[in-house]
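Asker: Mind looking at a prediction? Sequence and model below.
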Amino acid sequence: MKKLDDMHPLSATLFFLCVTLIPMFIPYPIITAVSFIGAAVYVTVQEGRASVRTHLWVGLLFVILTLVNPLISHKGATILFMINDTPVTLEALLYGLNSAAGLSSVVYWFAAFARIMDSEKLLCVFSVISARAALVMSCALRYIPLIRAQFRKTKTAQRSLGLYSDGNIVDKIRGDMRVFSVVITWALENGIVTADSMAARGCGSAKRTAFTTERFTAFDAFAAAAAAVLTGVCAAAALYDRLDIAFYPDIVMSEGSLLGAAAQAAYIILAAVPTILSAGVDIRWRYLRSRA
Amino acid sequence: MPVLDNIRIRAAVKYLIAFILIPAMAVAGSVAFDEKRHIFISLAVAVLALLVFFTGYDKRQVGTRRMVITAIMTALCLIGRFIPVIKPMTALIILTGMYLGCEAGFLTGALTALISNFWFGQGPWTAFMMLALGLIGFAAGLISGVLMKKKAVLIVFGAVCGAAYSMIMDIWTVLWYAEGFSFKLYAAAIGTSVPYLLSYVISNAVFLYLLGKPVGDKLMRVKIKYGV
């Protein structure tokens, strides 16, 4: 058993894409609700007290997205009340609620995903698509701290020369622009040296391959296969119209069916697994420590 | 493939896929499927376009120097996105496209969007941002001759790119929120994003005015001096 954080990046990415894309493309109330709750719980387990900020920001998004639809769309049979002679309908409100749950859960999931994907894992995933573009990305990531350090150095040097003033905003911008210009020149020259050094070590002499320390274990394979199968069940249910909902003029949902129920169960498993894995690993860790 | 050895045929295929095949798929998808699937089609098209580019980039012969210079421009763009309100990001992407070519412009734009979204919020919109910023760099590379000659044209191009970028992302907002496209929602989305649109337009114009010549000269110098 491994947390998503410790899984092979490819498996973790596949898992997250499945969990995220299903509520995006199947806006069925049970699916969107499960996705929203699952994501909220996972973010809480993952971040602990720091998750309050994410919750507030997603909550705000949720409220705005819920309210936008009934104000714009006036379709629907059940009129709740009138604003300036335009009706606000129950169906439009529920539609807004459903899409808001789906959309804000996507934001939740991606926040959780961005948290476990460090640059090393990102490069591992990206190198599957293009090893060379991953190399460019890796160089770019390395150059950010280098450029920032050089910026600071140049600024200090300019200040000690008396060339840099932050007395007023125009002077400050002019000074920053000069430092920026110096740093760009430095970065480009430095890049040529780096490139020559890379070429001297054989870069570009054969097809580029990518190195990663990540190992693809049996658990990773199992997790990826499970995600694919569960997503397949959901996709089948969607294709056979077992997870359809129409909001206007009256709310009509697909009748209950075995495939529809199976798809909902499959999605509940998908949305719960990240939390279960995290919590399970944590509990086992505490248990082992308490025995030591 | 032996047929694709001819450099002109290869270029033709490249443009065919980028400008005919993918838009055709988008149109066909929107006609063949019902409104609910528009979001799916648009996401699929964006991802496909990015895949075509990135796998193509792997096969082509790109010098190590050009690759590293592209990486440095990407790093500068990334730093540029962290400056509040007025950001030199898009201006630098345009300059990269102009001086290092379409490919480098596209790569810089796409990678900047992908990496910076780890700080600014990752989401399905990342694919659209990558494509939009990449295409800005690509377009700058296509018409680099005109852009280099007249500074006014460059500034106008930057402003138009800023506005276009904001409006492309608004299309995505609408598709994401509603089933199918609605002009009413689109107008509302444009209305709420006016401050962003203005900030993009202004920062592109200002930074292309300020950085256009100096950064362009630097890139030109590196190109000539080291044969990038």
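Answerer: Cool, got the structure. For clarity, every value in this text was computed on a predicted model and none was experimentally measured.

Asker: ok, the nearest residue to B:A127 once chain neighbours are set aside to chain A distance?
Answerer: Leaving out its chain neighbours, the residue that sits closest to B:A127 by C-beta to C-beta, 6 or more residues apart in numbering or on different chains is B:A46, at 4.3 Å. Yep, even glycine has a C-beta here, placed from its N, CA and C like the rest. Note on B:A46: its distance to chain A, by C-beta to the nearest C-beta, to the nearest Å, is 14 Å.

Asker: For the helix or strand where B:A46 lies, name the packing helices and strands.
Answerer: Assigning secondary structure by DSSP states H and E places B:A46 in helix B:38-59. Packing contacts for helix B:38-59, counted by 3 or more C-beta pairs under 8 Å, 6 or more residues apart in numbering or on different chains; DSSP states H and E, involve helix A:9-25, helix A:119-129, helix A:131-160, helix B:22-32, helix B:102-120, helix B:125-142, helix B:151-177.

Asker: still on that earlier bit, confidence score at the residue nearest to B:A127?
Answerer: Note for B:A46: predicted pLDDT of 83.

Asker: wait, it sits on B:L133?
Answerer: No - look at B:A46 against B:L133 with C-beta atoms under 8 Å: they stay out of range, at 11.9 Å.

Asker: And these two? Which one has more around it.
Answerer: B:L133 (27 against 22; other C-beta atoms under 10 Å in any protein chain shown).

Asker: That one and chain A, how far apart?
Answerer: From B:L133 to chain A the distance is 14 Å (C-beta to the nearest C-beta).

Asker: cool, and B:K225?
Answerer: The value you get for B:K225 to chain A, if C-beta to the nearest C-beta is used, is 8 Å.

Asker: Also B:T126?
Answerer: 8 Å.

Asker: Provide a list of residues in contact with that residue.
Answerer: B:113-114, B:117 (C-beta atoms under 8 Å, 6 or more residues apart in numbering or on different chains).

Asker: Kindly report the same for A:Y143.
Answerer: A:187, A:191, B:71-72, B:75.

Asker: can you pull out the strands in chain A?
Answerer: When secondary structure is read from DSSP state E, chain A shows strands at A:79-83, A:86-89, A:245-246, A:252-253.

Asker: Can I get the longest one in PDB? Just the C-alpha atoms.
Answerer: Written as PDB, here are the backbone C-alpha positions of strand A:79-83 (Å, rounded to 0.1, in the frame of the first residue of the first chain):
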ATOM      1  CA  ILE A  79     -40.600  29.900 -10.500                       C
ATOM      2  CA  LEU A  80     -39.200  30.700  -7.100                       C
ATOM      3  CA  PHE A  81     -39.500  34.500  -7.200                       C
ATOM      4  CA  MET A  82     -39.100  37.400  -9.600                       C
ATOM      5  CA  ILE A  83     -36.200  39.900  -9.800                       C
END
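
Asker: from the middle of its chain, how far away would that strand be?
Answerer: Distance of strand A:79-83 from its chain centroid, counting by C-alpha atoms, centre = their mean, to the nearest Å, is 37 Å.

Asker: Mind checking if it is in reach of chain B?
Answerer: No - judged by C-beta under 8 Å from any C-beta of the partner chain, strand A:79-83 and chain B are separated, with a smallest distance of 15.8 Å.

Asker: what's the answer for the last one, then?
Answerer: No - interface with chain B: strand A:252-253 contributes nothing (C-beta under 8 Å from any C-beta), its closest point being 14.5 Å away.

Asker: How far away from the center of its chain is that strand?
Answerer: 31 Å.

Asker: Please name every helix or strand in contact with it.
Answerer: For strand A:252-253, the packing partners by 3+ C-beta pairs under 8 Å, 6+ apart are strand A:245-246.

Asker: got it, and the third one?
Answerer: Other elements packing on strand A:245-246 under the criterion 3+ C-beta pairs under 8 Å, 6+ apart are strand A:252-253.

Asker: taking the mean pLDDT, what do you get for the strand it packs on?
Answerer: Mean predicted confidence for strand A:252-253 is 87.

Asker: any idea how far chain B is from the residue most central in space within chain A?
Answerer: Nearest residue to the geometric centre of chain A (C-alpha atoms, centre = their mean): A:F110, 2.1 Å. Here the distance between A:F110 and chain B works out to 4 Å (C-beta to the nearest C-beta).

Asker: circling back: same question for the helix holding B:A46: list its buried residues.
Answerer: B:38-39, B:41-46, B:48-50, B:53-54, B:56-58 (16 or more other C-beta atoms under 10 Å in any protein chain shown).

Asker: now swap in stretch A:165-175 and tell me
Answerer: Buried, per 16+ other C-beta under 10 Å, within stretch A:165-175: A:G175.

Asker: now stretch A:275-292
Answerer: Buried, per 16+ other C-beta under 10 Å, within stretch A:275-292: A:275, A:277-278, A:281.

Asker: May I see the residues you listed organised as a markdown table, with distance to chain B and pLDDT added?
Answerer: Formatted as a markdown table, the buried residues of stretch A:275-292 follow (distance: C-beta to the nearest C-beta, whole Å; pLDDT from 0 to 100):
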| residue | distance to chain B | pLDDT |
| --- | --- | --- |
| A:T275 | 20 | 94 |
| A:L277 | 21 | 93 |
| A:S278 | 19 | 92 |
| A:V281 | 24 | 91 |
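
Asker: Can I get those in CSV including distance to A:I173?
Answerer: Compiled in CSV, the buried residues of stretch A:275-292 are given as follows (distance: C-beta to C-beta, whole Å):
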residue, distance to A:I173
A:T275, 48
A:L277, 50
A:S278, 46
A:V281, 50
